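Asks: Following is a predicted model, sequence given first.
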Amino acid sequence: MKAIEIHNLKKTFGEKNVVENLTLDVEKGEVFGLLGPNGAGKTTTIRTILTLLKPTEGQVTVWGHDVVTQPRDVRQVLGYVPQEKAVDRFLTGREHLILVADLYHLTRPEAKKRIEDVLALVDLSQKADELVNHYSGGMKKKLDIACGMIPNPKILVLDEPTLGLDVESRIRIWDYIRRLQKSGLTILMTTNYLDEADQLCDRIAILDRGRLAAMGSPESLKKGLGGDRVTVRFGPGRNRLEELSDALKKELAFVNGIKLSPADHEMEIRVASNEEAISPLIQKIHQHGHLILAIQYSRPTLEDVFITYTGHKIKEDSALL
């Protein structure tokens with residue numbers, strides 16, 4: 001049994017397909033990321049998992065429970081940290097947690113122990129009795145995570161967990177997410193930060209316009225692009241880049257593919273080896289009589305993966321779906 005299983009999920013609003021034929025699964029104990037810009041269908045998928053929306057078609061199960069026929073059972077295994085700050089600045093951190101414990105009908109002894117546990121987990125024990133109005137943005141997000149952990153869930157859903165935070169606060173939140181995973185928790189998170197997905201997620205699903213564009217571990221998706229990238233810029237003029245491209249593919253076994261940009265006098269070469277490929281590559285280019293103005297070597301990134309599978313860069317859209 002998987003932590004979450006989604007089969008052919010379709011969700012429409014009126015005549016608009018927001019999620020279409022989505023199939024994926026989340027393993028127990030992993031950090032799984034839904035990656036894509038706002039409008040890609042991430043939040044709609046999350047709301048369906050949380051039983052806040054019903055599928056138009058398809059099936060979603062959480063810890064073996066169907067989100068349509070067994071919503072109560074689904075909610076009992078889920079914790080949720082929304083994108084928006086769900087905190088009241090006139091309450092203390094502890095008062096927030098007491099309120100959440102009451103909503104989950106925990107007994108007073110259960111609530112007291114659980115509150116102390118989650119405060120320690122997110123390093124807020126010393127600040128628990130201060131007004132949230134005095135908390136930094138990072139502390140408020142940690143309190144959000146603590147609220148999501150009160151019911152002791154099997155799966156924690158994080159919707160854009162570091163949105164709007166400064167770099168230092170983001171890194172601290174990453175550390176807490178790693179700590180939660182080490183405790184045995186399954187984490188499903190949405191993000192449109194590529195570095196965040198690369199750092200935290202065991203596997204990711206790239207969503208684009210409601211469809212699954214790619215799925216796998218960040219490393220396997222990057223390797224699937226065909227190797228490291230060498231970008232060569234030539235001087236203006238008739239460079240005969242097509243002829244050079246054919247020659248390099250034929251003469252250098254480590255060349256996996258070449259993309260030309262004649263207007264920019266550039267050639268992007270995918271190589272299956274490491275930085276040692278640059279020297280023989282330069283030699284071959286010179287042997288064919290071409291002058292190199294600049295050369296750049298880089299390893300594949302998740303941005304490369306995203307562009308390859310969607311045809312565009314990840315970006316913020318105006319509509320949140």
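Replies: Received it, and whenever you're ready, just let me know what you need.
Asks: Need the mean per-residue confidence for stretch 118-125.
Replies: Averaged across stretch 118-125, the pLDDT comes to 91.
Asks: which other residues reach it?
Replies: Contact with stretch 118-125 is made by 93-94, 97, 116, 128, 139, 142-143, 145-146, 149-150, 176, 179-180, 183, as judged by C-beta atoms under 8 Å, 6 or more residues apart in numbering. Bear in mind the C-beta positions are built from the backbone N, C-alpha and C, glycine included.
Asks: Identify each buried residue in that stretch, please.
Replies: Under the neighbour-count criterion of 16 or more other C-beta atoms under 10 Å, stretch 118-125 has 118, 119, 121, 122, 124 buried.
Asks: next SSE after the longest helix along the chain?
Replies: Longest helix in the chain, counting residues (DSSP state H): helix 167-182. For helix 167-182, the following helix or strand on the C-terminal side (DSSP states H and E) is strand 186-191.
Asks: Show me what that following strand is packed up against.
Replies: In terms of contacts (3 or more C-beta pairs under 8 Å, 6 or more residues apart in numbering; DSSP states H and E), strand 186-191 is packed against strand 31-35, helix 42-49, strand 155-159, helix 167-182.
Asks: To residue 263, which of those lies closest?
Replies: With C-beta to C-beta, the closest approach to residue 263 among those belongs to strand 31-35: 30.9 Å.
Asks: Within the sheet, what are the partner strands of that closest one, with directions?
Replies: Under the criterion DSSP bridges, strand 31-35 sits next to strand 186-191 (parallel), strand 203-208 (parallel) in its sheet.
Asks: For the first one, which outside residues touch it?
Replies: Strand 186-191 has contacts (C-beta under 8 Å, 6+ apart) with 3-4, 26-35, 42-43, 46, 49, 154-162, 177, 180-181, 197, 200-201.
Asks: Buried among those? Make that a ChimeraX selection.
Replies: Of the contacts of strand 186-191, the buried ones go into a single ChimeraX selection, burial set by 16+ other C-beta under 10 Å:
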select :3,4,26,30,31,32,33,34,35,42,43,46,49,154,155,156,157,158,159,160,161,162,177,180,181,197,200,201
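Asks: what about the helices in the stretch 51-200 of the chain?
Replies: Counting by DSSP state H, counting those that start in this stretch, the segments of the stretch 51-200 of the chain that form helices are 71-76, 93-103, 108-121, 137-149, 167-182, 194-200.
Asks: what about this protein, any weak spots by pLDDT?
Replies: 85-87, 237-239, 273, 316-321 (pLDDT under 70).
Asks: Domain-wise, how is it divided?
Replies: Domain segmentation of the chain under automatic domain parsing yields 4-220, 226-299.
Asks: out of the ones you listed, which comes closest to residue 313?
Replies: domain 4-220 (8.9 Å).
Asks: Next, the distance between the ends of the closest one.
Replies: In domain 4-220, first residue to last residue: 22 Å (C-alpha to C-alpha, to the nearest Å).
Asks: now it, how far from the chain's geometric center?
Replies: Offset of domain 4-220 from its chain centre (C-alpha atoms, centre = their mean, to the nearest Å): 12 Å.
Asks: picking up where we left off before, can you tell me which of the buried residues of stretch 118-125 lies nearest to residue 245?
Replies: Nearest member of the buried residues of stretch 118-125 to residue 245, counting by C-beta to C-beta, is residue 122, at 53.6 Å.
Asks: hey, what's residue 32 bridged with?
Replies: residue 188, residue 203.
Asks: surely it meets residue 215?
Replies: No. Using C-beta atoms under 8 Å, residue 32 is not in contact with residue 215, being 9.5 Å away.
Asks: Return every residue with contacts to both of those two.
Replies: What both residue 32 and residue 215 touch, as defined by C-beta under 8 Å, 6+ apart, is the set 203, 204, 205.
Asks: can you list those residues in CSV and add neighbour count and distance to residue 261?
Replies: What follows is the shared contacts of residue 32 and residue 215, written out as CSV (neighbours: other C-beta atoms under 10 Å; distance: C-beta to C-beta, whole Å):
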residue, neighbour count, distance to residue 261
203, 19, 32
204, 27, 28
205, 24, 30
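Asks: that older thread, tell me which of the helices of the stretch 51-200 of the chain is the most buried.
Replies: Mean neighbours per residue, mean count of other C-beta atoms under 10 Å, is largest over those for helix 137-149, with a mean of 22.
Asks: and residue 33, how far is that from residue 235?
Replies: In this view, residue 33 and residue 235 are 42 Å apart by C-beta to C-beta, to the nearest Å.
Asks: Quick one: residues contacting the spatially closest residue to residue 210 that is not a sequence neighbour.
Replies: In space, and not counting its chain neighbours, residue 210 is closest to residue 41: 4.1 Å by C-beta to C-beta, 6 or more residues apart in numbering. Neighbour list for residue 41: 11, 18, 19, 22, 207, 209, 210, 211, 321 [criterion: C-beta under 8 Å, 6+ apart].
Asks: what are the ranges of the strands in the stretch 201-321 of the chain?
Replies: Counting by DSSP state E, counting those that start in this stretch, one finds strands in the stretch 201-321 of the chain at the ranges 203-208, 211-216, 228-234, 255-261, 266-271, 292-298.
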